[in-house]
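Kindly generate the corresponding structure for this input.
(2 chains)
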Amino acid sequence: MISIQTDDVDIGALIIAAKKYGTGAVVVFDGIVRDDDITEMELEAYEDVATQELVKIAKDATEQFGLLHVDIIHRIGRHAVGENILIIVVAAGHRKEAYAGSRFIIEAIKAGVPIWKKELTKDGERWVPGEHGHGNPKAG
Amino acid sequence: MRWNGGEYNGEEEEMTVKIRFFARFRELLGTDIMTDVAAGTMCTSLVATLAKKNPEGYAAIFDENGAFRDFVILMKNGKRIDIADAAKTLVTDGDEIAVFPPVAGG
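Prediction:
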């Protein structure tokens, strides 16, 4: 499943569904709203484009690491500390490919998928700065 | 929201495009703005015209020389445009132009 959605997901059910024939390892990445003196986090996406890019990232990871199954669920909307933001479930024949595939996916999401986070605090709010801020795709 | 960019000269074909601002830019300028533009309008002038509705929004996207700030990301119909090419990138009828700051998902 590749999805951008407000609702949370049942990670246990995703793990069960990920165990295809030949699976030897399932790696789960669960990104969570961290308690950085904030009250909530608000997430926004350019949904059509972000979904297309998540599909491409999953395809690239599947091809590059020989994955057997990929789920990427990125939540949007307002969420409290401790809630899930991003769930990546990767199944592969062996742990090495599963870990590498999961890592590839999270780094690709952070590098370019149009999603933004705003931290809400007792005193106000602040947009989380991106890690890859540039407007020139040729600059790499 | 519908807004006339004021560039239509009455002689050329009029077109409608959609502008989507995201994150801080959305808060300052709104989003999903449908606007009529004249044939020959370039991406930079379209964004600048809309951004000038709010000086703070304009200053967030453009520098004092009227150039895109180097962290601004542009997309035309879901594909990245180099900000250096935006001044010579035509907008055409039905285009969706997206303008946003660096992404921070994950």
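
just so I have it, where are all the helices in chain B?
Along chain B, counting by DSSP state H, helices occupy B:24-29, B:43-51, B:55-61.

Would you check that residue B:94 makes contact with residue B:16?
Yes. Using Cβ atoms under 8 Å, residue B:94 is in contact with residue B:16, at 7.1 Å. The way it works is simple: take the backbone N, C-alpha and C, and place the C-beta from them, glycine included.

How many residues are close by the closest residue to residue B:99 other than its chain neighbours?
Nearest residue to residue B:99, sequence neighbours excluded (Cβ to Cβ, 6 or more residues apart in numbering or on different chains): residue B:21, at 5.3 Å. By the criterion of other Cβ atoms under 10 Å in any protein chain shown, residue B:21 has 25 neighbours.

which residues sit in contact with residue B:21?
Each residue near residue B:21 by Cβ atoms under 8 Å, 6 or more residues apart in numbering or on different chains is listed here: B:28, B:29, B:30, B:31, B:33, B:57, B:98, B:99, B:100.

May I see the residues you listed arranged in JSON lines, with neighbour count and pLDDT as well?
Shown next, in JSON lines, are these (neighbours: other Cβ atoms under 10 Å in any protein chain shown; pLDDT from 0 to 100):
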{"residue": "B:28", "neighbour count": "18", "pLDDT": "96"}
{"residue": "B:29", "neighbour count": "22", "pLDDT": "97"}
{"residue": "B:30", "neighbour count": "17", "pLDDT": "95"}
{"residue": "B:31", "neighbour count": "19", "pLDDT": "94"}
{"residue": "B:33", "neighbour count": "18", "pLDDT": "95"}
{"residue": "B:57", "neighbour count": "21", "pLDDT": "96"}
{"residue": "B:98", "neighbour count": "24", "pLDDT": "98"}
{"residue": "B:99", "neighbour count": "29", "pLDDT": "98"}
{"residue": "B:100", "neighbour count": "26", "pLDDT": "97"}
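
tell me the centre residue of chain B?
With distances taken as Cα atoms, centre = their mean, residue B:47 lies nearest the centre of chain B, 2.7 Å away.

Three-state assignment for residue A:129, please.
When classified by DSSP: H, G, I helix; E, B strand; the rest coil, residue A:129 comes out as coil.
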